[in-house]
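Student: Show me how the following folds:
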Amino acid sequence: MRDKLPHLPKNFPSTVFTAAAFNLGGKVRTFKHRNSLNWAFGWCAITALGEFDPARSGQLILWELKLVLDFPAAATVLIPSAVITHSNTPIADGDTRMSFTQYTAGPIFRWVENGCRTEKEMQVMDPLSYAEMQTRKDTAYLRRLGNFSTVDELLEKTV
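Tutor: The predicted model follows:
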């Protein structure tokens, strides 16, 4: 995407994400949720910050995977936050926990794929491309799933 819009400034010099959120409340915790507006086929980087015992508070819960993970300060996890329901456990008394999250909203990808215009603008300005894009919508998710590694591919690399 960067090569199509080189004039846009980056949030940070070394990130691939277009947005970031600082959660600095001191006892930051999230309730069970999905970030449905994030790019479903991309990653969300969550970094835990603060001083807490990750074995007793602030664990990361990935609901569909049935996982509860110790998630210590300074650790970063990459998850597809639009499709994996996630939360974290409450913070113990005396502990502090904050987070820094980086992500990219799905509409940004659609806007770039549409030639840096909304679907309505594309429909008016380029009806042929709009019609072609509409025919590809039903199978778009299959093409994008190819961006993810399979378990077999991951295991193959470690042997």
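Student: Which residue lies nearest the spatial centre of this structure?
Tutor: Geometric centre of the chain, nearest residue: C44, 2.5 Å, by C-alpha atoms, centre = their mean.
Student: Could you list every helix and strand that the longest helix anywhere in the chain packs against?
Tutor: Looking across the chain with DSSP state H, the single longest helix is helix 127-136. On a contact count with 3 or more C-beta pairs under 8 Å, 6 or more residues apart in numbering; DSSP states H and E, helix 127-136 meets helix 119-125. (Each C-beta comes from the backbone N, C-alpha and C, glycine too.)
Student: before we move on, back to that, isn't the residue nearest to the centre of the chain right up against N38?
Tutor: Yes. Contact criterion C-beta atoms under 8 Å: C44 and N38 qualify, at 5.8 Å.
Student: Tell me the residues that contact both of those two, please.
Tutor: 81-82, 103 (C-beta atoms under 8 Å, 6 or more residues apart in numbering).
Student: Select from these the one having the most neighbours.
Tutor: For the shared contacts of C44 and N38, the largest number of neighbours (other C-beta atoms under 10 Å) sits with S81, at 24 neighbours.
Student: That one reaches Y103, doesn't it?
Tutor: Yes. The pair S81 / Y103 is scored as a contact, 6.5 Å apart, by C-beta under 8 Å.
Student: any residues in contact with both of those two?
Tutor: When C-beta under 8 Å, 6+ apart defines a contact, the residues bordering S81 and Y103 alike are 35, 38, 44.
Student: With distance to T118, secondary structure and pLDDT as extra columns, can I get the residues you listed in CSV?
Tutor: Output for the shared contacts of S81 and Y103, formatted as CSV (distance: C-beta to C-beta, whole Å; DSSP: H, G, I helix; E, B strand; the rest coil; pLDDT from 0 to 100):
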residue, distance to T118, secondary structure, pLDDT
N35, 21, coil, 93
N38, 19, strand, 91
C44, 24, strand, 95
